[in-house]
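Colleague: Predicted model and sequence follow; I will ask about them next.
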Amino acid sequence: MEDNNEAGKNNLGKNIIKNYLPFAWEIVKLVIVASVIVLPIRYFLFQPFIVRGESMIPSFKSGDYLIVDEVSYRFSDPQRGDVIIFKYPKDATQRFIKRIIGLPNETVEIKDGKVIISKDSRFVLDEKYLPVDLRTEGETRVILGADEYFVLGDNRDYSYDSRRWGTVPRKHIIGKAFLRIFPLVNLSQISEPSY
């Protein structure tokens with residue numbers, strides 16, 4: 001009797017190995033393939049970013065989950081109106097989200113509630129993405145260097161931005177906001193304004 005029990009246990013063990021080993025091997029292969037595909041995308045092309053705070057209202061709210069395009073700025077320069085994710089110049093461990101207002105070698109002036117840009121010509125920035133009655137507070141004039149950007153939050157009254165801590169060096173820019181994926185009702189590609 002004991003021999004039959006032992007033989008049954010051996011057969012059971014062999015059946016488990018025979019039936020589940022191929023399944024386990026398929027799982028291992030799937031994890032390897034997924035890692036080879038996903039990890040380079042995550043670390044070299046795109047990365048997630050969660051908006052924290054109210055500085056980008058009405059465009060983005062706290063808790064919005066964005067995908068950041070890290071590739072575009074390897075081939076082209078950031079443009080006025082781009083919403084960027086960057087390392088805060090005073091503490092590179094912090095990540096901020098703001099909109100590019102001033103480009104390298106331009107002069108940005110904030111006066112009488114308006115943003116004025118000058119380089120070859122002078123113009124008042126027309127920001128259609130902001131509420132009509134919004135004024136940009138503060139009085140400042142900044143001449144940007146060859147690799148510096150002036151950034152502002154869309155919620156100008158509650159944004160900690162270039163008006164307070166200065167410019168963003170090009171090397172601190174991680175990428176531009178590309179896609180909002182959460183909340184799902186706001187799922188959308190992030191469009192760039194035209195000036």
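Modeller: Received it, and whenever you're ready, just let me know what you need. Every value quoted in this text rests on a predicted model; they were computed, and no experiment measured them. Numbers count the residues shown, from 1 in each chain.

Colleague: residue boundaries of the helices in the protein?
Modeller: Here the chain has its helices, by DSSP state H, at 2-40, 72-75, 162-165.

Colleague: Let me know the distance separating the residue sitting nearest the centre point of the chain from residue 22.
Modeller: With distances taken as Cα atoms, centre = their mean, residue 68 lies nearest the centre of the chain, 3.5 Å away. Here the distance between residue 68 and residue 22 works out to 40 Å (Cβ to Cβ, to the nearest Å). All C-beta atoms are positioned from the backbone trio N, CA, C, and that covers glycine.

Colleague: Kindly report the same for residue 97.
Modeller: 47 Å.

Colleague: Show me which residues of stretch 104-120 are buried.
Modeller: The neighbour-count check on stretch 104-120 (16 or more other Cβ atoms under 10 Å) flags 104, 106, 108, 109, 110, 115, 117 as buried.

Colleague: and residue 45, how many residues sit next to it?
Modeller: 13 (other Cβ atoms under 10 Å).

Colleague: Check the residue nearest to residue 116 when sequence neighbours are not counted and give its pLDDT.
Modeller: In this structure, residue 116 finds its nearest non-sequential neighbour in residue 109, 4.4 Å apart by Cβ to Cβ, 6 or more residues apart in numbering. You'll see residue 109 listed with a pLDDT of 97.

Colleague: any idea which of the helices of the chain scores lowest on pLDDT?
Modeller: Mean pLDDT is lowest for helix 2-40 among the helices of the chain, at a mean of 71.

Colleague: neighbouring contacts of the lengthiest strand in the chain?
Modeller: Secondary structure of the chain per DSSP state E: the longest strand is strand 173-182. With Cβ atoms under 8 Å, 6 or more residues apart in numbering as the test, strand 173-182 has contacts from 46-47, 49, 60, 63-73, 78, 82-87, 95, 97, 149, 186-190.

Colleague: So among those residues, which ones count as buried?
Modeller: For those, a burial check counting by 16+ other Cβ under 10 Å picks out 46-47, 49, 60, 64-70, 73, 78, 82-87, 95, 97, 149, 190.
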